[in-house]
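Visitor: would you be able to build a 3D model of this:
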Amino acid sequence: MHPSAALLVCLIAIVVIQFLGWLGLALVFPVLLLATRKSISGWWHLLRRMRWLLLSVWLILAYGASGDALYDVAWLPTHEGVRDATLHVARLGLMLGCLAWLFAFLGNHGLLVALQSLLHPLSRLGLASERFVVRLSLVMQNLQVDLPKGAWRNMVNGSGGDSGGPETLRFEAPAWSANDSFVCLAVLTFSCLAISLG
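Guide: As a prediction, the model looks like this:
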């Protein structure tokens, strides 16, 4: 699959997940589980890293909705709040699954190739898409390096030294094929079906 097609599939899935109810999420979950079977640990890792954010979102939404309190206890969240908060957190969890699939399928280099391919038409409008992709690649490279404690001070002062990154960045993307178009069309069709089911 072309890296740009994989990125488009992930973006379509992330947008569509926002419109799904419980039935649609139940339809998407097994498909995503099959797609991420090789990257299930990456999905779990993303969920673990986001656990406090997910809990905070759940609490804010659960306590922020008006309605009848659970068990008629005034300090508990409302029934409507719990329902909406749980649905929203489930959507976020599936979105993280889409990202885990994308990272496992493309890797850092494939993601950069996909971004370069999608942003290349913007260079005709005078926007430097190559600079954006190169800066993003440097950020992704630096995220994988464990820096010693207090190294941020050296970076801010400009005495961080050479990061040892590559002098040139080369992108080689496979040609877009009919299979890539078919996959994108199939994902759009499946997305319309999932949205229509709710």
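
Visitor: measure the residue of the chain most remote from its centre to Glu80 for me?
Guide: In the chain, counting by Cα atoms, centre = their mean, Asp72 sits farthest out from the average C-alpha position, at 38.3 Å. Asp72 sits 15 Å away from Glu80, going by Cβ to Cβ, to the nearest Å. Every residue, glycine included, has its C-beta placed from N, CA and C.

Visitor: and what of Ser123?
Guide: 48 Å.

Visitor: same deal with Leu125?
Guide: 46 Å.

Visitor: more neighbours, the two?
Guide: Glu80 (14 against 7; other Cβ atoms under 10 Å).

Visitor: could I get the full set of helices for the chain?
Guide: 3-17, 22-35, 40-49, 51-64, 79-119, 129-143, 151-157, 178-197 (DSSP state H).

Visitor: now mean pLDDT too, for those, in CSV please.
Guide: Output for the helices of the chain, formatted as CSV (pLDDT from 0 to 100):
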stretch, mean pLDDT
helix 3-17, 87
helix 22-35, 86
helix 40-49, 87
helix 51-64, 93
helix 79-119, 86
helix 129-143, 68
helix 151-157, 69
helix 178-197, 84
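
Visitor: excluding its backbone neighbours, what's nearest the spatially most central residue of the chain?
Guide: Centroid check for the chain by Cα atoms, centre = their mean gives Leu99 as the closest residue, at 3.5 Å. The shortest distance from Leu99 to any non-neighbouring residue, by Cβ to Cβ, 6 or more residues apart in numbering, is to Leu46 (6.5 Å).

Visitor: now do the contacts for the one you found.
Guide: Leu96, Leu99, Ala100 (Cβ atoms under 8 Å, 6 or more residues apart in numbering).

Visitor: can I assume the second one is in contact with Ala13?
Guide: No: here Leu99 does not reach Ala13: they are 9.7 Å apart, not a contact under Cβ atoms under 8 Å.
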